[in-house]
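>>> Below is the structure, and that's it, no one-letter string:
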């Protein structure tokens, strides 16, 4: 049986290749969703399986168009299996971010052989995956912030430091010592700053929660005066809502706490020691890169070029990761990181050249 397009026109070999590619894409997306669902429970599992079922419906559409020309089912690619393996080892947030980009870029909206409902499905899928990815982004945002900021600060600050002192004309051993000193000083500063930041945030949030002493006083309150209303009004409730909540607490229907004080609880998640250690390690891992050429005995302009090249690759990588997890353009985020880093390094290199010329 010769396959035909939805318009009724005979299908060409080019149409067949496109349909087979779409079929392969749908199979791979369904495979990823089912694989993710195996490690989820409750609502998230049901959502992922629902997405997989929708991809199966889309598969059937392309199979029907291909008809007898479909000699064999497309195999799930090694790339897709690698994504599933990464999700099993490192969590699903990266995979969901990639799937969000895939769903957003679906060509069905402009392909006359895809139905309107399929195009609509893909647009909705993008929003569903965006919501699932947002949960993962929220869970890792503290660690992710420390990782990206720490590594990026180490890359940029130590590259700028190394290039600046190198341009001044001092010896390679002094450049190496300066780079290592900058690594240690910066990493210790980042670790101490993160420790203080997280510990202070936890203390601020603790100071905003209802105290146990206030809870024990509820039973002795004057019901007629109802001072408890003032507690909830102080925490942002309207007079009417505060009165309703206070009456409910006095009747024993609700605990004293449970009022949103406007604080972001997620910001306090994690250990202050853990945050400090992570920041130290991430900063040091970035700061060591511009020092590597000098550790291996390189000097002069070759060392400067190699250090700049290595840092540039690392900056592109961190920018790509930011773009991936935020669901935005990978290219724009990568180039932004690169330009910012190179801009800072170029400024200090120019100052080093000026300072070296002044000394000579």
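Noted; the coordinates are in hand. Just so it is clear, the structure is predicted and the values come from calculations on it, not from any experiment. Residues are numbered from 1 along each chain as shown.
>>> got a pLDDT number for the spatially closest residue to residue 158 that is not a sequence neighbour?
In space, and not counting its chain neighbours, residue 158 is closest to residue 287: 3.9 Å by C-beta to C-beta, 6 or more residues apart in numbering. (Each C-beta comes from the backbone N, C-alpha and C, glycine too.) For residue 287, the model assigns a pLDDT of 89.
>>> Please apply the same query to residue 88.
67.
>>> sorry, back to before: the residue nearest to residue 158: what's it in contact with?
Neighbour list for residue 287: 154, 155, 157, 158, 179, 182, 183, 186, 187 [criterion: C-beta atoms under 8 Å, 6 or more residues apart in numbering].
>>> So which of these is the closest to residue 113?
Distance to residue 113 across the contacts of residue 287 (C-beta to C-beta) is lowest for residue 155, with 47.1 Å.
>>> Tell me which helix or strand the closest one sits in.
Take DSSP states H and E as the rule and residue 155 turns out to sit in helix 116-167.
>>> One more: residue 52?
According to DSSP H and E, residue 52 maps onto helix 42-66.
>>> One more: residue 169?
Counting by DSSP H and E, residue 169 is part of no helix or strand.
>>> number of nearby residues for it?
Other residues near residue 169 come to 13 when the count uses other C-beta atoms under 10 Å.
>>> cool, and residue 240?
By other C-beta under 10 Å, the residues close to residue 240 number 9.
>>> And it, how far from residue 293?
From residue 240 across to residue 293, the span is 68 Å (C-beta to C-beta, to the nearest Å).
>>> With residue 153 instead?
Per C-beta to C-beta, residue 153 is found 20 Å from residue 293.
>>> ok, the two, which is more surrounded?
When residue 153 and residue 293 are compared for neighbours, residue 293 comes out ahead with 24 against 19, by other C-beta under 10 Å.
>>> That one against residue 311, yeah?
No - the pair residue 293 and residue 311 does not pass the contact test of C-beta atoms under 8 Å, sitting 10.5 Å apart.
>>> All the helices of the stretch 251-360 of the chain, residue numbers only.
In the stretch 251-360 of the chain, helices defined by DSSP state H, counting those that start in this stretch lie at 272-287, 292-295, 300-326, 330-359, listed in chain order.
>>> Same list (those helices) but as TSV, adding distance to residue 61.
Shown next, in TSV, are the helices of the stretch 251-360 of the chain (distance: least, C-beta to C-beta, whole Å):
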stretch	distance to residue 61
helix 272-287	46
helix 292-295	53
helix 300-326	30
helix 330-359	30
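>>> give the contact list for the nearest residue to residue 330 once chain neighbours are set aside.
Leaving out its chain neighbours, the residue that sits closest to residue 330 by C-beta to C-beta, 6+ apart is residue 323, at 4.0 Å. Counting by C-beta under 8 Å, 6+ apart, residue 323 touches 329, 330, 331, 332, 333, 334.
>>> Buried only: go through these for me.
330, 333, 334 (16 or more other C-beta atoms under 10 Å).
>>> can I get the residues you listed in a markdown table with distance to residue 52 and pLDDT?
What follows is those, written out as a markdown table (distance: C-beta to C-beta, whole Å; pLDDT from 0 to 100):
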| residue | distance to residue 52 | pLDDT |
| --- | --- | --- |
| 330 | 26 | 74 |
| 333 | 30 | 81 |
| 334 | 31 | 85 |
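>>> how about CSV for those residues, with distance to residue 113 added?
Listed next are those as CSV, based on distance: C-beta to C-beta, whole Å:
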residue, distance to residue 113
330, 29
333, 34
334, 35
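>>> Sort out which one of those lies nearest residue 23 for me.
Residue 23 lies nearest to residue 330 out of the buried ones among the contacts of residue 323, by C-beta to C-beta, at 26.6 Å.
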